[in-house]
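K.L.:
Structure for the following, please:
(chains A and B)
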Amino acid sequence: MTNKAEMLAEASELLFLEAFYLDAQQWDEWLELFTEDCEYWMPAWKDEHEVTEDPQRELSLIYYSGRFGLEDRVWRIRSGQSIASKPLPRTSHAVNNIMVSDLTEDSMTVRSTWQSNCFFHKTNKSEIFYGDYEHKLRKTADGWKICRKYVVLKNDYIPTMLDVYNV
Amino acid sequence: MKPNELKYGDVDRLIIDNVEEGEYLVNRAVFTDEQVFELEMKYIFERNWVFVGLDSELANPNDYFTTFVGRQPVIVMRDANGELAAFINSCPHKGARVGHHRKGNTKQFVCSYHGWTFNTAGECIYIKDQDSGGYAEPFNQLDHGLYKIKFGTYRGFMFASLTDDVPTLEEHLGEAMPLLDLIWDQGPDGVEEIPGRSTYTYDANWKMQLENCIDGYHLTSCHPSFMNVVSRRKAGESDNQQVKSIDFNMLGQVEGGTACMPRGHAVIYSPNAAEHERGLFLHKDELVERCGEAKTKWMLATRNLTIYPNVQFAENASLQMRIIRPISVDKTEMTIVCIGAKGESDAARLIRIRQYEDFFNTSGLATPDDTIAYEDCQFGYQGKELAWSQGYSRGISNVKSSADELTDEIGFDPETSSYGKMTDWDESVFYGGYRAWKKFIKDGLAVDGKD
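P.N.:
Below is the predicted model:
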């Protein structure tokens, strides 16, 4: 038996924790939230209303079939060798409208909306990015982990750059 | 000279072009002065051929897309009979845009303000309540259709010009045509846009992008994080094996070259020691059979091509098309597109897509470092006491006023060229663009009686 209210609370906690780690730039803790075989996918837009649907035949803004892609990014962020990654913008993520579905004992789908406020130091500009998330969670020996994160970026007219901490 | 002494139209003094004496300097007002920007828009973007897209975007009758030529909104479409044309995206009645979407398919455009209706050949086919309108003869004499602008295609590359007073498209492209052939002929039926283009802006002058694409010198200093991510993958320190990464560390080991063409086009190129990592390599046999050994070699080579003033094709691993749209003297919009051979295998396309996302995306691991560097330069240009940039001197002693053996291989005869070890890092490749820049503006001013 699954308890929807309990699972919603657990899912919410995980999503809030992910937002917290991104904003706190606690990259190791953030990576730990993902399973090694996780899919991380932010599709591109084909037109006003349709996102790309096939990451093997169409472009994505980011597509990784495993956590390794996120690990590459964290390595680059920390390397000090990327002028786009220093100084890192300050970010504040808000995650809302959380709904859970496809509930089993050890898996669920979590849909939500997100907004990320980003302050870029060199220009003293704030940029807002927003969209939808769909997380798939899997229960492991270490608790719930993200085995898929699907990010729709709704305002894809991108000022200068975009990285995993902006969405 | 101080920038505040700049007079309208005084473009000669902004670039010191004295290659014989080994001197080439560009005044930073070229990147910061609003009057210069106005002249560029008027004479380089609005009296010249400007790239608008690949014809794969208009595959079917009544397909259209909306874009800009210079600062002016444009709609490009294929009519019911298959003819391509371009128009100002504005109803002749009161001015409202008639094409509302980035792209679409429609048999007619009904202006949503007063209902005037146009077919996809741009003809006005309906004026609401015309009979009871009490119109007089002068109105009846007007062409009520969409304002048509000059349009042309080379292979599947589509261009438009806001004025008719331009050379033929073939004359405009000139020696860049064989370089465009190296792109188009990668598939037996040409190339196409892969769904999922994206758009970003940066707060710096449009020519920062124009230069960067053919600036080999920045690669190792601007992208060490990307290069080292790739090295980590090769060494097994990263588990990321989903992308066949090109190791740029090997680029400095090979000979390469640059070439400039009239009207501002330019290219840097070098043989690709990692050609086997490219999706295109999977189709090498077919390419050799159809195009020959030499052409195939140059298709697989690293080539970054600028078709002046607004499109670039960057081909190292994947193949990126970048469309540059200047917004203001210090703001630029970039539309970036991954292009690939029509009908290529799933395997080749997958390699292409992963490489493109990794390097070229504005959410990728390399392009953001370029874009931020442009903004850092624009920031630095506020230091007007430092009026002249020194970044045009590298390779000034290597420039030849002729083709060389390698450009001969693909039947390509540039105005100037250079070739040698690490010569594809030469800054002399920018000269052609600035000579064209000067000529476009001066010729335009002369025609307007402002010389």
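
K.L.:
Just the helices from the chain, written as ranges.
P.N.:
No chain in the question, so chain A it is. Per DSSP state H, chain A carries helices over the ranges A:4-24, A:27-32, A:68-79.

K.L.:
Not quite, go with chain B.
P.N.:
Chain-ordered helices for chain B, with DSSP H as the definition, fall at B:29-32, B:34-40, B:137-140, B:169-173, B:177-184, B:206-212, B:219-222, B:224-234, B:284-291, B:293-300, B:346-359, B:367-380, B:405-409, B:431-447.

K.L.:
Alpha carbons of the fifth one, in CSV - could you do that?
P.N.:
Once non-C-alpha atoms are left out, helix B:177-184 reads as follows in CSV (Å, rounded to 0.1, in the frame of the first residue of the first chain):
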residue,chain,number,x,y,z
MET,B,177,30.8,29.0,-52.9
PRO,B,178,33.2,26.0,-52.9
LEU,B,179,33.3,26.3,-49.1
LEU,B,180,29.5,26.2,-48.9
ASP,B,181,29.6,23.2,-51.3
LEU,B,182,31.8,21.4,-48.7
ILE,B,183,28.8,21.8,-46.3
TRP,B,184,25.9,21.2,-48.7
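
K.L.:
so who does the closest residue to chain A within the stretch 351-451 of chain B touch?
P.N.:
Scanning the stretch 351-451 of chain B for the residue nearest chain A gives residue B:368, at 3.5 Å (criterion: C-beta to the nearest C-beta). For the C-beta atoms, the positions are set from N, CA and C on the backbone; glycine is no exception. With contact set as C-beta atoms under 8 Å, 6 or more residues apart in numbering or on different chains, residue B:368 has these partners: A:82, A:84-85, A:160-163, B:362.

K.L.:
Nearest to residue B:17, out of these: which one, please.
P.N.:
Taking C-beta to C-beta as the measure, residue A:160 is the one of the contacts of residue B:368 closest to residue B:17, at 32.1 Å.

K.L.:
Local confidence estimate at that closest one?
P.N.:
Looking at residue A:160, its pLDDT reads 94.

K.L.:
so where is chain B shaky, pLDDT-wise?
P.N.:
Residues of chain B meeting the criterion pLDDT under 70: B:1-9, B:251-252, B:403-406.

K.L.:
Next up, the contacts around the residue of chain B lying at maximal distance from its centre.
P.N.:
When each C-alpha in chain B is compared with the mean C-alpha position (C-alpha atoms, centre = their mean), residue B:132 comes out farthest, at 48.7 Å. With contacts defined as C-beta under 8 Å, 6+ apart, residue B:132 has no neighbours.

K.L.:
same question, residue A:53
P.N.:
By C-beta under 8 Å, 6+ apart, residue A:53 lies in contact with residue A:43.

K.L.:
Residue of chain B nearest chain A, please.
P.N.:
Ranked by C-beta to the nearest C-beta, the top residue of chain B for proximity to chain A is residue B:196, at 3.0 Å.

K.L.:
Please give the number of neighbouring residues around that residue.
P.N.:
25 (other C-beta atoms under 10 Å in any protein chain shown).

K.L.:
what are the phi and psi angles of it?
P.N.:
In this entry, residue B:196 is assigned phi and psi values of phi 110, psi 40 (degrees, to the nearest 10).

K.L.:
hang on, isn't it packed against residue A:43?
P.N.:
Yes: applying C-beta atoms under 8 Å, one finds residue B:196 in contact with residue A:43, separated by 7.2 Å.
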